[in-house]
Every structure is written in structure tokens, then in C-alpha cells.
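Q: Need a 3D model of the following:
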Amino acid sequence: MLSKLFALPREAKRIVSLVIDIGALLFAYLFALSVRYETWYTLGDGNTVLAIIVAIPVSLFLFARFGLYRAVVRYMALSALLTVLLGVVSSAVVLAVAVYWLDAPVPPSVIVNYALMSLVLIGGMRLVMRAVYEQATRKEKERVIIYGAGSAGRQLAQAINNGNEFHPVCFVDDDVTLHNSTMLGLRVRSPESIAECVKECHASRVLLALPSASRSRRKQILDLLEPLKVVVQTVPGMADMVDGQVAVDDLQEVRIEDLLGRDPVAPRQRLMDTNIRGKAVLVTGAGGSIGSELCRQIIASEPKVLVLVEVSEYNLYAIERELTQLLQREQYDVSLKPVLASVQNQSRLQRLMQAFAIDTVYHAAAYKHVPMVEYNVVEGMRNNVFGTLRTAEAAIAAGVKDFVLISTDKAVRPTNVMGATKRFAELVLQALAKREGVHTHFSMVRFGNVLGSSGSVIPLFRQQIIQGGPITVTDPEITRYFMTIPEAAQLVIQAGAMGSIMAKEEANNGGQVFVLDMGEPVKIIDLATKLVRLMGLEVKTEENPHGDIEIIFSGLRPGEKLYEELLIGDNVELTAHPRIMTAREIDLPWQELAYLIESFDIECSEHNVVAIHQRLQQMPLAFSPSSQLCDLIIGLNSQSNRQSSTQSSSQ
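A: Predicted structure coming up:
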């Protein structure tokens, strides 16, 4: 019956409301007369009846004019109740005028009781219908707990109450003064009782309404929620809501940076501006994960010109479009120059740097996927080593003041070609910094994995969980350092500025290797397990064969190692920034390095992968490959040789 009533067209519901209001006003009038004369009063003849017959149509007309029949009962708020009050008072006034005009024998107390009873009936009926509707639909909604009873939590509760998806059953909050109180009809519970709340309320989801909480606090909460079999989602950050980019009820998956619990350090604006503000800046690999974030951070410091160098046409188009929109939205006065170019084309880069009078170069272009470089050794050498060399030589020739290389923790005691080539690139810049006639300041910034970059495991894990698993982890013991892309980009810019300042103080061309504080290394299997549990699922193991998602181990990929390091030796020094250190590591004189570069150039041209691999091991790179040479061309050649040998034997 109720479902049929709720399914009626809007006009039909208005007619039903109209009929109910006629009955309510008539009953209120009879009730008021009965109370006054202390006997059940029935309609009779005369002006007493005529007064209500006049009052009801006029009252309904006024109700309609006040917008009472435009209000949707299920969403009725305080303003609608005020409209009811205004309508009832107006109806009482109309009745009083009708009684006076008709000289009906109706005492003033009847008018007052009529108004009170009409208010109870007309307002109360609407509230009852709203409660009945909510009760009927509540069974179809998913029961959720809101963690956070502050402003964001209350707004979230109101928003989802009006939706068709969730039904909030209680609040949980850290504030002890709120415990056992009631907000919006929901009880506020303590964090210690959340497991009990989930069980009692049959909640299947917890919504974190803590947009201003620190990451360390969010990690503590997530650790508390992890053992519970509930889906955990969060409202957007306060900055996003203030900017109007998202609403409080735009729920998001738990971010991996919340699981790490690493609170970012506010950037020092003086360092952010040193090599950027009012200057001409060039970023290579501008369309990549780090390069694009560098561009976003650089724009905030308002350089005079920002040149985007990218070899991928689509990546260049995407970042140029995004940055153009950012410039328009923030009203930054920055000239944006998108340039298609390869970092191996020295003459092209030199012309660019001279044409735009570049002051600072951030060299982020590199091949960084370990297995891909293992399969394509020559291109890894060309891009990571020769690309760095050509870009640096172009910068020297163009009179660039500062050059910052984005390096990697895989350059430390590398076990793969990618790491070896990045360490080689560091040696190139260290040697150039000491070469005669060079006036460009060189610095290198070394850090580990960034969350959300291309090739990051987190999006892959989420996709595998959504698809029902299994999750693939290379090894149960593999660990990695992690940092968010924005924090990494900010620290790169600040480290580059510190390198420039140190070079000027020491009257040299730098060559410092900066190491970012990545915090504690994290086991990849722990991240995978947390993601499964926080999506309301269980890991399938031998002890729990009925779990939802299985984790399987695929084995280390070519060139991959279990643990990453950030320093080759122990010769590390602290700097004025708590997240930036500097490492004093071995280097080679330019003459010796130039000979090696020439030899590698010949071997790359001849595609002599075996010689390249052997020479990389002989260099002072601490390169100790963890797998056999697996370049794809070498593999094809070996396969071809085996096939020829087999054919000869059969003949």
C-alpha cells in the first residue's frame, strides 16, 4: 500500500495532500468546538458551519500560495515547517474574520484551539509521512558508520540521508565530550567501541569524515578499522572542498598515503622560489609522473617562462592543456611553451635553451621501468645516460645557471640496467661540474617510489581486487620506500635550490647528490593486505580458505631486488631541511668518463649489448646484476642460433 502511495505521480500526491488537509482543518475545527463546550460537537446548521466552509477554501488557497504543496515531504526541512506554521496562522485569521463577518456564535478560544490542532495535524502528518518513507526505504539502504561528528560529518550525514544509497546508523568521534550524545538523531560513540558498533548496527561501511586530520592520525584510525570486515571510504580533503572541486559527499577510496601515515612538511617558499620565480624554467619529461607534478609546483612560483619538453605527443598535449586551465583558473602570469623534442637531440635542446634564455633545467626524462630497460638495454643507455649528457651539454652551451637531475634509489648498488644507467648519469653530472670552463651548477636528487606514478603497484592492486583477484606480488619479502608525487616534486625543487646556494657559497659548480628522507620502507604484501581489508574483503590463505582475495607470488622480475637503498656509503650529511640530506659519493674525472662514454657510444651503435652489460659491471657503479642478460634482441638472436643449430643437426 505504502509503495503504491510513494509511486504516485507528483500531481496525484498533491491531490492526496489537499484532501488530507481538508480533513485536518475540518477535524481541528470540530475538536476546538468540542473542547470549548466539553461535549462532542457535530456539524449542524447556521453560521458556525458556514464559517469553516468559508475558511477552508481560503486556507487551502493560502497554503498553495505559500508553497506548502511544492515541498517534497521526504525532504521537508525547517523552512517547510515554518511554511506550515504561516499557513495555519493565516487559516486561523481567515476563520476569525469569517466568524466575525457572519456573526457566528464561536468563542475566541475555539479559534486558538483550531490553530493549535491544525498545526499538529497538518505539520505532524507531513512529519509522519516523512518518517514512514524513511523507514520504508531504510531497509534498502546500506548501513554505514560515520567516523567524525564535526562539521564535515554532520554535512555528510544530512547529504546521504537524502540519498538512496546509504543510511547512517551512528557517529564515532575522538572527542570524549561528545560520547553518548546525540546529533541529527544519531548517537556518538567512542573509537574503542567501533567494533561493537559494527556488529550491533550491522554496518558494512565506515565513512571517514576527517578532511583536516593529519595522515599520521588517519593511519591510526585505518589500523583500528583494518581488522573489521567493512569497506572504508573517506570524504575529500579540506583543500579540495574549499576550492569547490568536490562536495563533502563525494566519497573516495582510502588513499595509500593515509596507510603510510607520513605527514608532509610544508615547503619553504624561499627555496621554492629561488630557481623559479621570475625566471625561465625548462622541464624535460614534462608529461611524465614526476615531470608533470614538477610543472604544477613550478607554476605556483610564477616563473617568467615554463618550457615543457616531451617526446610523447599525447603526454605533451595532456600536460599543456591541464596547465593552461590551471593558469586561467589561478590567474598566474606565466608563458607556457610546449615543445616536442628528444633529450638525445643536443642541438635542438641548445637552440631551445638559448631562444628562451633558460635559467633552470629540471631533467626528469628517463626510462625508469626496470624490466623494460632490461629488455631494451641500448635504448636505456641512450635515454638515461646519453640523454642526460646531451641535455647537460646543451645547458652548459646555452649558459643555463642551474641543472637538477631527478635520480632514483635504484642507482644505489644497482642490480639492474636502469639503476646502473641512472648512477652513470649521476657520474656524468658530477664530472661535468668539475670540468674546466663550466659555469652551470649541477645537482642530483635521489628518492624512491612515488605513489600514483605510472607503473605504481597501488592502482594495479585496486584493479585486481575489483576484478576479484588474485593480487600479484613478486615476493613476500619485497619492500619499497614510498612518497607522494607532490611531496617529491616540492622536495626536488627545494633540494635544487639548496644545491645552487651551496655551490655559490663554496664557489664551485656543485655536483651534490641530495637524498630525500623517504621514511620507513614498507612491505608490499602489507600494503596489498591492508587494501583488501579496507575494501571490506578478506585475504584468502591456507588458514582462511574461504577468504575473498588471494595473494599470489609471481617471483622477482628481471633486474628487481628485494630491498632498495638511498645511500652507497655512510658519508651522509644533514641539511637545514629535515627531509633533505646530502651524500658525498665517489666520482670520476671528466677525462676518464669521456673515454668510457665514447666506448659506450660505439657499442650502442653496434648494438653490442653483451659488451655494454660487461662494461657497466666494470665501472665504479657497484652494479651487480640480479638476473642474466635478457635484452629482447639478444634473446631473439639466441633463439635464432638455437633453431639454426637444430636444423643443421637434423640434416
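Q: Find me the pLDDT at the most centrally placed residue in the chain, would you?
A: In the chain, the C-alpha nearest the mean C-alpha coordinate belongs to Arg255, at 6.1 Å (Cα atoms, centre = their mean). The pLDDT attached to Arg255 in the predicted structure is 72.
Q: List phi and psi for the closest residue to it other than its chain neighbours.
A: Sequence neighbours aside, Thr234 is the residue nearest to Arg255 in space, at 7.3 Å (criterion: Cβ to Cβ, 6 or more residues apart in numbering). Using the backbone N, CA and C atoms, a C-beta is placed for each residue, glycine as well. Backbone torsions of Thr234, given as degrees, to the nearest 10, read phi -140, psi 150.
Q: how much space is there between Thr234 and Tyr147?
A: If you measure Thr234 against Tyr147 using Cβ to Cβ, to the nearest Å, the figure is 9 Å.
Q: ditto for Thr541
A: Applying Cβ to Cβ, the value for Thr541 to Tyr147 is 28 Å.
Q: who's more crowded, these two?
A: With other Cβ atoms under 10 Å as the criterion, Thr541 and Tyr147 differ in neighbour count, and Tyr147 comes out ahead with 25 against 11.
Q: Tell me where the stretch 301-450 of the chain has strands.
A: Here the stretch 301-450 of the chain has its strands, by DSSP state E, counting those that start in this stretch, at 305-310, 335-340, 360-363, 402-406, 441-446, 449-451.
Q: Out of those strands, which is closest to Lys504?
A: strand 441-446 (7.7 Å; Cβ to Cβ).
Q: what's next to that closest one, contact-wise?
A: 392, 401-409, 411-412, 426, 429-430, 432-433, 491-492, 495-496, 498-500, 503-504, 509-516, 566, 583 (Cβ atoms under 8 Å, 6 or more residues apart in numbering).
Q: List the residues that contact the residue lying closest to Leu208 once chain neighbours are set aside.
A: Counting by Cβ to Cβ, 6+ apart, Leu208 lies nearest to Thr234, which is 4.0 Å off, once chain neighbours are set aside. Applying Cβ under 8 Å, 6+ apart, one finds that Thr234 lies in contact with 207-210, 218, 251-255, 258.
Q: change it to 10 Å
A: Shown here is Thr234, whose contacts under the criterion Cβ atoms under 10 Å, 6 or more residues apart in numbering are 147-148, 206-211, 213, 218, 221-222, 251-255, 258.
Q: out of those, which are inside helices?
A: Counting by DSSP state H, the part of the contacts of Thr234 found in helices is 218, 221-222, 258.
Q: By pLDDT, give me the weakest of these.
A: Lowest pLDDT within the ones in helices among the contacts of Thr234 is found at Asp258 (74).
Q: can you give me the mean pLDDT across the helix ranked longest in the chain?
A: Taking DSSP H as the assignment, the helix of the chain that covers the most residues is helix 108-138. In this model, helix 108-138 has an average pLDDT of 73.
Q: nearest to Cys201, of the ones in helices among the contacts of Thr234?
A: In terms of Cβ to Cβ, no member of the ones in helices among the contacts of Thr234 lies closer to Cys201 than Ile221, at 18.1 Å.
Q: can you pull the contacts of that closest one?
A: With Cβ under 10 Å, 6+ apart, Ile221 has these contacts: 147-148, 172, 174, 191, 194, 206, 208, 210, 213, 232, 234, 258.
Q: Recalculate using a threshold of 8 Å.
A: Under the criterion of Cβ under 8 Å, 6+ apart, the contact list for Ile221 reads 147, 191, 208, 210, 213.
Q: Now these in JSON lines, please, with extra columns for pLDDT and distance to Ile290.
A: Listed next are the contacts of Ile221 as JSON lines, based on pLDDT from 0 to 100; distance: Cβ to Cβ, whole Å:
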{"residue": "Tyr147", "pLDDT": "91", "distance to Ile290": "33"}
{"residue": "Pro191", "pLDDT": "90", "distance to Ile290": "37"}
{"residue": "Leu208", "pLDDT": "88", "distance to Ile290": "29"}
{"residue": "Leu210", "pLDDT": "85", "distance to Ile290": "29"}
{"residue": "Ala213", "pLDDT": "81", "distance to Ile290": "27"}
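Q: So for the strand or helix carrying Leu460, what gets flagged as buried?
A: Secondary structure from DSSP states H and E places Leu460 in helix 457-466. By neighbour count, with 16 or more other Cβ atoms under 10 Å as the criterion, the buried positions of helix 457-466 are 457-458, 461, 464-465.
Q: and the closest residue in space to Pro107 that isn't next to it in sequence, what element?
A: Using Cβ to Cβ, 6+ apart and skipping residues adjacent in sequence, the residue nearest Pro107 is Arg36, 5.8 Å away. Using DSSP H and E, Arg36 falls within helix 10-37.
Q: Buried residues of that helix, list them for me.
A: 13, 17, 21, 24-26, 28-33, 36.
Q: try stretch 474-486
A: Of the residues in stretch 474-486, those buried (16+ other Cβ under 10 Å) are 474-475, 478, 480-486.
Q: Residues contacting that stretch, please?
A: For stretch 474-486, the external contacting residues (Cβ under 8 Å, 6+ apart) are 256-257, 260, 262, 264, 289-290, 293, 296-297, 409, 447-453, 516, 518-519, 521-525, 553-557, 560, 562-564, 566.
Q: average pLDDT for that stretch?
A: Rounded to a whole number, the mean pLDDT of stretch 474-486 is 83.
Q: Against Val281, how distant is the nearest residue to Ala280 once chain neighbours are set aside?
A: Of all residues beyond its chain neighbours, the one nearest Ala280 is Val305 (4.2 Å), with distances taken as Cβ to Cβ, 6+ apart. Val305 is 7 Å from Val281, where distance means Cβ to Cβ.
Q: How many residues are close by the closest residue to Glu426 other than its chain neighbours?
A: Ranked by Cβ to Cβ, 6+ apart and with sequence neighbours excluded, the top spatial neighbour of Glu426 is Met444, at 5.1 Å. In terms of burial, Met444 registers 32 neighbours under the definition other Cβ under 10 Å.
Q: now Met444: how far from Val16?
A: According to Cβ to Cβ, Met444 stands 75 Å off from Val16.
Q: cool, and Asn416?
A: Applying Cβ to Cβ, one obtains 73 Å for the distance of Asn416 from Val16.
Q: For the stretch 151-300 of the chain, which residues score under the pLDDT cut-off?
A: When residues are selected by pLDDT under 70, those of the stretch 151-300 of the chain lie in 236-250, 256-257, 261.
Q: Mind pulling up the pLDDT for the nearest residue to Asn113 once chain neighbours are set aside?
A: Counting by Cβ to Cβ, 6+ apart, the nearest residue to Asn113 once its immediate chain neighbours are dropped is Ala32, at 3.6 Å. The predicted structure scores Ala32 at 79 on the pLDDT scale.
Q: My read is that Ala32 contacts Pro108, right?
A: No - counting by Cβ atoms under 8 Å, Ala32 stays clear of Pro108, with 10.7 Å between them.
Q: Count the residues that sit near Val58.
A: Other residues within reach of Val58, judged by other Cβ under 10 Å, total 16.
Q: what helix or strand does Val513 sit in?
A: Val513 is part of strand 510-516, with elements assigned from DSSP H and E.
Q: outside of the helix or strand following that strand, which residues touch it?
A: Heading C-terminal from strand 510-516, the first helix or strand you meet, by DSSP H and E, is strand 522-523. Around strand 522-523, the neighbours that count as contacts under Cβ under 8 Å, 6+ apart are 260, 477-482.
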